[in-house]
Structures are given as C-alpha cells and as structure tokens.
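Novice: Got a predicted structure plus its sequence, pasted below:
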Amino acid sequence: MLGSSFFPQFCYNTVLQQNHRAGVVVAAVCSSSSRHHHLIQSIHTTTSVNFDLWRTTTTNVIARASTQPPLSTSSLDEPPPQMEVPVVIVGAGPAGLATSACLNKHSIPNIVLEKDDCHAPLWRKKTYDRLKLHLSKEFCNLPHMSFSSDLPTFVPRVGFLRYLDDYVTHMKIDIRCNRYVDDASYDVNGGKWRVSVKGTTSFVDDEIYVADYLVVATGENCEAYIPKINGLESFEGEYIHCSNYLNGRPWYNKNVLVVGSGNSGMEISYDLSTWGANTSIVIRSPVHYFSKEMVYMGMCMLKYLNVETVDKLMVGMSKMKYGDMSKYGLIRPKEGPFAMKNSGKRTPTIDVGCVKKIKKGIVKVYPAISTIKNDKIVEFADGKSGKFDVIIFATGYRTNVHKWLKDYKEMFNENGIPKRCYPNHWKGEKGIYCAGFTKRALQGIAYDAKQIANDIKRDINARNQSATA
Ligand SMILES: Cc1cc2nc3c(=O)[nH]c(=O)nc-3n(C[C@H](O)[C@H](O)[C@H](O)COP(=O)(O)OP(=O)(O)OC[C@H]3O[C@@H](n4cnc5c(N)ncnc54)[C@H](O)[C@@H]3O)c2cc1C
C-alpha cells in the first residue's frame, strides 16, 4: 500500500479510492464539503469498468466498457471537483498503460485518463481483422510482462488485446474511461499541472485533475489523416480511412483503390484481393519492403552489427526474394531501411503477400492521384485513369496534442511530434513527459515508459530529500 507520507504534499483531507477492478489505490484530495465527498463517490462509481469481450459478426473482437451510472452531479452549479494525484497520464493506449505500470512498480500513484470507453481503443476498434503484430513478440513486450509462450511469434490482434487486458489487471492500472482531456496547462503559481476533463458520456461529469507530473500518451495515431485531393469531396463512390476498414467482405467484385504503401495500405490491398475485390494501390514514393522474417533477422543483427551493414544485408535479401520490382511501380529508396526508420522518415513495409500479387498483376499499382472526376473516375500523375467504387486511404494519422495541451510548442513541433530527438525526446520542462511519439512502435513505447517512471522517481526522491533537509 502507498503510504501518504511518501507524498506529503498530497495529503490534506485525502480520500483513498480502491478501484475494484485493478485494485489500485489512488489518492484524491478534496475539500471537506459533503458535495465533494459525494463527487468522489460518483467518480469512484464511474471507474467501476468491466471490459467484457464479445464477438461481432466478423472475427473482430472488441471490448465494451459497461459502467454503472454515478450519482448525478449535474444539478449542482459549483465548479467541477478537483482531484490531486502525483501523476496524470493522458491516453490508455499501450504507451499510457506501460507508463502507468512502470510507475506502479515504483509505488508512485497515477491515473490514466482515456476519452474512449475502453483501454487500447485503437487496437479494439480501429484495426483490421487480419492484423498481427508486425514484429516478433520478443520486440513487442511492454515493460515487466512478457507475452505468454503459447502465443505465436507474430501475435494476432486479438492475442495482443488479451495481453493488454491481462497487463492492465496484473499491473493494477487505474484507468478512467470516457474522459476527454480538453485542456492541460501548467499553473505557474501553484507549480502543478491542471488537467481539465469533459465526460464523453452523460454519466461522467466534468472534472479537474491537479498533478505534479503530466504524461502525454495520446499517440501518434490519434486522428485519421486524409490528404486534400482535387475532386475528392464530389467523389461519387465511397471513401474511408483505413482505421474504418475491418475486412474486404463488403467489396467483393468492386473496384477498390487503396492509397498508401505503408504496412496498412499493402496489407489491406492484399486482404481486399483475397476477398475478391478488384484491387489497385497508389504507391507515390520509393518504399522498402521485406517479409516479417527478414525484419526479424534484421532486428537481431542490429544487436551485433551497425545500421549501415544491416541495411545492406536487408536490401540484398529483399532483392534476392522479390527481384527488381521497379517495372511494377515498387522502387526502393536509396537510403537504407533502418537508417530511414531511425531518422523518423519512413518505416519499411512488411509484406504479407501483396508484392507477389502485384507481380502477378492481381493488385495494380498507380502513381499519385492528380484529380478525381465525375462518374467515379480517378486520374493519376502518369496521365492514366481508372474507375473506382471505393477509395481506402491508408495515408496515416496525426497527433492531437495541439488541441488540448496549452503551450504544446514548448515540447512539440507544429505536427505534434517532440522537438527533441530520440533518445532525449521523452522529457520536457516542469514535469511534462511524452510516451509513444518516436515512430519506434511498441519497442519505443517500452523505452519511453521506463525512462519516464525512473525520472519521476528520481525527482520525487530529490524533492523528499530537500523537504526533510
Ligand atoms: C494499424 C496499426 C498497426 C500497428 N501495428 C503495430 C505492430 O505490429 N507493432 C508495433 O510495435 N506497433 C504497431 N503499431 C504502432 C503502435 O505500436 C500502435 O499505434 C500503438 O497503439 C501506439 O500506442 P500509443 O499508446 O502511443 O497510442 P494509441 O494506441 O493511439 O493510444 C492513445 C490513446 O489516447 C487516447 N486519447 C487521445 N487523446 C485524448 C484526450 N485528449 N483525452 C483522453 N484520451 C485521449 C486515445 O483514445 C487512445 O486510446 C501499429 C499502429 C497501427 C495504427
């Protein structure tokens, strides 16, 4: 149990809450009015979240957060209740969960605020059915808990979700769902972070959290991005972002154009063609492509060899397996795959069978779209055109830090990416941190989480020492 003496600054009139699911104790400081005591009770009630797994008509397994309505506070016109915790983490994806787990290992109280109704909503609701972790499981563990040995080397999406569910339970992570952080700023006078939350359902009221440390874990993949394309708004077919794609079942025999040659674009193209869609893909720029096994070998080799050498070996292996694909529209970049990944330019694409389909002409390749015309006609940069019923944009995501983090420019650039380069990106000034923003996926997330928790622990120890000196 966490002793209140560990955090003397948080201890007046403290209500200790036990999250019945995670078994975590969180210190919530409130005023002595009965109304606020009532509010603490209602917050406690809303955190009684059970994640029931159920199967939809497809193989897609998602979790539903069933919550009991709290005692209503809406009739009260007082300002939202204010709760004080040492660490507030915004976002309950793998990065937020990993950071919370590392803090829990150090017995540092923390809570995770999540706008959706469950943890890891990206994996539960916005990924396609056939997705497996692209890297082998030994490179995807979150801190302090390995994947179970009965899971395959490349863990399927559902297996990863079960791992995350177990992780939340074992690591005693306190998640507060249905809470959208709409504002966070540093209060210079109080010397703390003030985090304002809007309930995303009728049974969660607005709240304010006050914290010494704020961890931004809202992800690089927070908002679906569709580029501006001439004529798209009047496209007579259907268009979606890949985060809404589950499988190709609805598009049997339809003409489907996938835009983007990253992992999602290539895998969705493969999937569509196996479901009987007439599939085409837009590949605008040079791309490295490897099988999962090659990437696994590359990751292992990186433990012993430098990036330049591994890159040469990787490209050699890719050429041996796939040959020269330039005549099919797949051109390899001049820079090596890991060098590009490390500099944050582009992650190599992991081929699950799409390259073979491109070679056989089953999946057609087009260059960039130049314009979209009437009658579902899409024109391309090389002057060719095609008629499509559906366009699926696998064109990436954007962060959302600029929408809720005031003064985000102190830590992030205009695109919501940390200004400091890896490996020093995770720490800002005045107790702000970020996890999961380096395009290094789950491996990078594990690194960030450990660094952040260790740093907060060091800082707390230093404060405690100077307080007792
Ligand atoms: C399709 C796809 C496949 C991937 N496959 C792999 C893979 O195989 N291997 C790998 O290592 N990586 C993979 N990644 C990359 C990466 O590991 C995942 O994106 C991972 O989920 C990132 O975790 P995260 O916690 O940083 O972000 P997210 O999972 O996006 O979590 C961020 C959370 O913050 C919440 N949030 C955002 N804003 C607010 C707010 N204002 N208030 C409250 N909550 C908020 C969101 O709802 C979300 O739950 C994949 C990514 C995608 C998109």
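Specialist: Ah, there it is. Computed from a prediction, not measured in an experiment: that's the story for all the values here.

Novice: For the rest of this, base every contact and every neighbour count on C-alpha atoms.
Specialist: Noted.

Novice: so where do the helices sit in the stretch 251-400 of the chain?
Specialist: 263-274, 292-301, 307-322, 337-342, 354-359 (DSSP state H, counting those that start in this stretch).

Novice: Which other helices and strands does the first one contact?
Specialist: Spelled out, that is helix 263-274. Here helix 263-274 touches strand 255-259, strand 278-282, strand 349-350, helix 354-359, going by 3 or more C-alpha pairs under 8 Å, 6 or more residues apart in numbering; DSSP states H and E.

Novice: quick check: domain ranges of this structure?
Specialist: 14-66, 78-222+399-468, 224-397 (automatic domain parsing).

Novice: Can you say which of those domains is nearest to the ligand?
Specialist: The ligand sits nearest to domain 78-222+399-468 of all the domains of the chain, at 3.1 Å, using C-alpha to the nearest ligand atom.

Novice: quick one: Gly276 and Val256 touch, right?
Specialist: No: if you go by C-alpha atoms under 8 Å, Gly276 and Val256 don't touch, sitting 10.4 Å apart.

Novice: What ranges in the stretch 1-150 of the chain fall below the confidence cut-off?
Specialist: 1-77 (pLDDT under 70).

Novice: Could you tell me which residues make contact with the closest residue to Pro121 other than its chain neighbours?
Specialist: Setting aside the residues directly before and after it, Pro121 is nearest to Gly93 in space (C-alpha to C-alpha, 6 or more residues apart in numbering), at 7.1 Å. With contact set as C-alpha atoms under 8 Å, 6 or more residues apart in numbering, Gly93 has these partners: 119-122, 217-219.

Novice: what about Cys421, which SS state?
Specialist: coil (DSSP: H, G, I helix; E, B strand; the rest coil).

Novice: So what's the residue count around it?
Specialist: Cys421: 12 surrounding residues under other C-alpha atoms under 10 Å.

Novice: and the residue nearest to Pro121, how far is that from Gly428?
Specialist: 21 Å (C-alpha to C-alpha, to the nearest Å).

Novice: Inside helices: which ones of the contacts of Gly93?
Specialist: Per DSSP state H, helices hold the following members of those: 121-122.

Novice: ok, and of the contacts of Gly93, which contact the ligand?
Specialist: 120-122, 217-219 (C-alpha under 6 Å from any ligand atom).

Novice: Close to the ligand: what parts of this protein are there?
Specialist: So the chain meets the ligand at 90-96, 113-116, 120-122, 127, 133-135, 140, 179-182, 217-219, 221-222, 264, 404, 436, 441-442 (C-alpha under 6 Å from any ligand atom).

Novice: Can you flag the buried ones in those residues?
Specialist: 90-96, 113-116, 120-122, 127, 133-135, 140, 179-182, 217-219, 221, 264, 404, 436, 441-442 (16 or more other C-alpha atoms under 10 Å).

Novice: So which of those sit within strands?
Specialist: Members of those lying in strands (criterion: DSSP state E): 90, 113, 179-182.

Novice: would you list the helices of the stretch 251-400 of the chain in JSON lines and tack on mean pLDDT?
Specialist: Compiled in JSON lines, the helices of the stretch 251-400 of the chain are given as follows (pLDDT from 0 to 100):
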{"stretch": "helix 263-274", "mean pLDDT": "97"}
{"stretch": "helix 292-301", "mean pLDDT": "94"}
{"stretch": "helix 307-322", "mean pLDDT": "97"}
{"stretch": "helix 337-342", "mean pLDDT": "92"}
{"stretch": "helix 354-359", "mean pLDDT": "97"}
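
Novice: what sits against the closest residue to Lys359 other than its chain neighbours?
Specialist: Closest residue to Lys359 apart from its sequence neighbours, by C-alpha to C-alpha, 6+ apart: Tyr328 at 6.7 Å. Shown in contact with Tyr328 (C-alpha under 8 Å, 6+ apart): 358-359, 365.

Novice: Is Ser261 in contact with Val287, as I believe?
Specialist: Yes: Ser261 is within contact range of Val287, at 7.5 Å (criterion: C-alpha under 8 Å).

Novice: which of the two has more neighbours?
Specialist: Ser261 (26 against 18).

Novice: And the pLDDT for the closest residue in space to the more buried one that isn't next to it in sequence?
Specialist: Excluding the flanking residues, the one nearest Ser261 by C-alpha to C-alpha, 6+ apart is Ile283, at 5.5 Å. What the model reports as pLDDT for Ile283 is 97.

Novice: so what's Ile283 up against?
Specialist: 259-261, 329-330, 365-368.

Novice: Got the confidence number for the closest residue to Phe388 other than its chain neighbours?
Specialist: If the residues on either side of it in the chain are set aside, Phe388 comes closest to Asn255, at 4.8 Å by C-alpha to C-alpha, 6+ apart. On pLDDT, Asn255 comes in at 98.

Novice: and Tyr239, that's in a helix?
Specialist: No: counting by three-state DSSP, Tyr239 falls outside a helix, being strand.

Novice: Okay, the residue lying closest to it once chain neighbours are set aside and Gln451: tell me how far apart.
Specialist: Leaving aside its chain neighbours, Tyr239 sits nearest to Ile391 (4.6 Å; criterion: C-alpha to C-alpha, 6+ apart). Ile391 sits 41 Å away from Gln451, going by C-alpha to C-alpha.

Novice: So these two - more neighbours on which side?
Specialist: Neighbours were counted for Ile391 and for Gln451 using other C-alpha under 10 Å; Ile391 has more, 23 against 20.

Novice: Quick one: residues contacting that one.
Specialist: Applying C-alpha under 8 Å, 6+ apart, the residues near Ile391 are 237-240, 256-259.

Novice: Select only the buried ones of those in ChimeraX?
Specialist: Applied in ChimeraX, the following selects the buried portion of the contacts of Ile391 according to 16+ other C-alpha under 10 Å:
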select :237,239,256,257,258,259
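
Novice: of all the contacts of Ile391, which comes closest to Lys172?
Specialist: Ile240 (37.0 Å; C-alpha to C-alpha).
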